[in-house]
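Colleague: Predicted model, plus sequence, below.
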Amino acid sequence: MNIHKERVNKLSSQCWDIFHEYGGYDYNDEMLYQIQGLEQSISECRNEEDWKGVVDEAQTTYTWFLHIEKIRELQEDIPTSLYC
């Protein structure tokens, strides 16, 4: 159980890091909803099987956060346009 719990907590922490770095803009509400949903799933874990199931949720959530991070980085690095 500990290995699954540690993995979930690490992924959750990484999601929070991305939220703190890139939240507050276009995706802020969606990011917060995703984190709250993951936290709710975590709070319902009671045994090893629960933690095993949440690992997939946490990984999917973290992958979503990585996409948002990339989008935000691209948005911040848009080159100036020559023709308006």
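Modeller: Received, thanks. Residues are numbered from 1 along each chain as shown.

Colleague: wouldn't Asp50 be in contact with Glu44 here?
Modeller: Yes. Applying C-beta atoms under 8 Å as the test, Asp50 and Glu44 come out as touching, 6.8 Å apart. For the C-beta atoms, the positions are set from N, CA and C on the backbone; glycine is no exception.

Colleague: Of these two, which one has the most company?
Modeller: Set Asp50 next to Glu44 and count neighbours by other C-beta atoms under 10 Å: Asp50 wins out with 16 against 10.

Colleague: counting contacts, what elements does the helix or strand the more buried one falls within pack onto?
Modeller: According to DSSP states H and E, Asp50 maps onto helix 48-76. Helices and strands touching helix 48-76, by 3 or more C-beta pairs under 8 Å, 6 or more residues apart in numbering; DSSP states H and E, are helix 2-22, helix 28-43.

Colleague: any weak-confidence spans in this structure?
Modeller: 1 (pLDDT under 70).

Colleague: hmm, try it at 80
Modeller: Within the chain, the segments meeting pLDDT under 80 span 1, 84.

Colleague: count of residues packed around Val54?
Modeller: Val54: 22 surrounding residues under other C-beta under 10 Å.
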